[in-house]
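# sequence-free structure coming up:
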């Protein structure tokens with residue numbers, strides 16, 4: 001996993017840990033304004049799940065934001081390991097069960113994308129992911145190669161399915177406060193997101209917010225990084 005500061009300013013006592021989705025890069029969000037008083041660390045490239053806690057010291061408040069496959073990654077690497085309880089944990093267009101016919105991306109769809117990854121498949125995926133915000137996405141997308149993205153997707157599938165086959169560790173799950181669900185999401189179907197976040201397994205304690213947005217929505221992320229989905 002790679003990590004970098006999207007924002008770092010002297011005197012800030014709050015930190016946002018922002019886990020991007022598959023295929024993300026810092027360029028995608030570096031131009032967006034973030035909440036005053038908070039630095040922001042962006043995490044991406046999940047070909048491995050090594051997470052460094054070295055930059056997390058010195059903050060009084062930590063919030064976790066995660067998008068898409070980053071929801072599972074954040075939960076996997078942070079559960080039970082943060083020095084302070086997150087003041088907010090917000091999942092955006094993702095679930096703790098990302099490869100699942102009823103609670104995430106249908107397994108056949110995930111496998112079809114993974115096994116057939118190519119330039120045409122990636123273009124089709126991005127069009128479905130972004131809808132009317134495709135131009136905004138493409139203007140910031142960065143220069144990661146198809147080969148790199150294919151490796152990342154295969155790694156995520158192995159990580160997720162391997163963890164699900166194991167025995168969960170009780171009491172260590174990161175507790176999500178808010179789940180933002182894109183009504184027009186064609187990657188993680190909105191019905192699957194809602195089903196997972198309101199399930200008995202997750203305890204029904206996560207507030208769900210349905211917004212008019214595709215899987216990637218520029219306005220949705222502007223609001224997220226300004227703290228607009230925090231519980232007040």
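Right, received. Where do you want to start? Only a predicted model underlies this, so the values are computations on that prediction, with no experimental measurement involved. Residues are numbered from 1 along each chain as shown.
# Show me the beta-bridge partners of the spatially most central residue of the chain.
What sits nearest the mean C-alpha location of the chain, by C-alpha atoms, centre = their mean, is residue 67, with 2.1 Å. Assessed by DSSP bridges, residue 67 has beta-bridge partners residue 92.
# That one reaches residue 92, doesn't it?
Yes: counting by C-beta atoms under 8 Å, residue 67 does reach residue 92; the two are 4.5 Å apart. Any C-beta I mention is one placed from the backbone N, CA and C, and that applies to glycine too.
# residues bridging contact with these two, i.e. touching both?
Residues touching both residue 67 and residue 92 by C-beta atoms under 8 Å, 6 or more residues apart in numbering: residue 221.
# list the contacts for residue 35?
With contact taken as C-beta under 8 Å, 6+ apart, residue 35 is in contact with 14, 16, 225, 226, 227.
# And the helix or strand bottoming out on mean pLDDT in the chain, how far out from the chain middle?
Least confident element among the helices and strands of the chain, by mean pLDDT, DSSP states H and E: helix 146-165 (a mean of 91). Here helix 146-165 is found 15 Å from its chain centre; the criterion is C-alpha atoms, centre = their mean, to the nearest Å.
# which secondary structure elements does that helix contact?
helix 69-78, helix 107-115, helix 119-130 (3 or more C-beta pairs under 8 Å, 6 or more residues apart in numbering; DSSP states H and E).
# which of these sits most buried?
Highest mean neighbour count among the helices and strands packed on helix 146-165 (mean count of other C-beta atoms under 10 Å): helix 69-78, with a mean of 24.
# Quickly list what the nearest residue to residue 38 once chain neighbours are set aside is bridged to.
Closest residue in space to residue 38, ignoring its immediate chain neighbours: residue 14 at 3.9 Å, by C-beta to C-beta, 6 or more residues apart in numbering. Beta-bridge pairing for residue 14 (DSSP bridges): residue 38, residue 61.
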